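Prediction below, plus the sequence it came from.
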Amino acid sequence: MPRRRRLRKIVAPPGFKGYKPYGHRPNNRSVELLYEEYEAIKLADYDLMNQLEASKLMGISRATFARIYETARRKIAEALVETKEIRAVYGHAHMDESWYVCNRCNARFNLPDCSTSDCCPMCQSKNIETIITNKEE
C-alpha cells in the first residue's frame, strides 16, 4: 500500500484562471497546471529560491519539490510548443488562509473587506466564492 500523500502548502493561489495562445485558432486542448506546480515555478524561477528553501516552505521533501517543478516545466513547455491553453486547477494542496474569487471582476483576495458581510475589495460585489479553505486530510 503506498504512503498517504501529504498536502503541499501554497502561499497564494495563481492570479489567473488560465492562459490562451494569442493568434491561434481556439481549440479544446489544454494543459492543467496544478496549484502546487504553479507554486514550485513561482518559488524557483520568480522568487529565485533554491530547491531546499522552496521545499521547506511548501512542507515537502526536496526530491518531491524537484518532481513537482519538473512536471510544471514540462507542462508549460508542452503548452507553448503545441499551442495549448494553460488552465490553473486545484491540486493536492492547502493554504494557511482562505482565499476568495469575485465572480464579477475575477479579483482574488484572502480577506473580505466589507463591514457588514463578505464582498470583493475591488468592486464591492457580494458575488464571491471560496477558492480554497484550510483543509487537512
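Arrived safely.

Might one say that Asn127 is in contact with Arg104?
Yes: counting by Cβ atoms under 8 Å, Asn127 touches Arg104, with 5.3 Å between them. For the C-beta atoms, the positions are set from N, CA and C on the backbone; glycine is no exception.

joint contacts of these two?
By Cβ atoms under 8 Å, 6 or more residues apart in numbering, Asn127 and Arg104 have these common neighbours: Cys120.

Who has more neighbours out of these two?
Looking at Asn127 and Arg104 with other Cβ atoms under 10 Å, you find the greater number of neighbours at Arg104, namely 15 against 12.

which residues does the spatially most central residue of the chain contact?
What sits nearest the mean C-alpha location of the chain, by Cα atoms, centre = their mean, is Tyr35, with 2.9 Å. Tyr35 is in contact with 10, 13-14, 88-91, 93, 132, counting by Cβ under 8 Å, 6+ apart.

try it again with 7 Å
Listed by Cβ atoms under 7 Å, 6 or more residues apart in numbering, the contact set of Tyr35 reads 10, 13-14, 88, 90-91, 93.

same question, Val89
Contacts for Val89 (Cβ under 7 Å, 6+ apart) come out as 32, 34.
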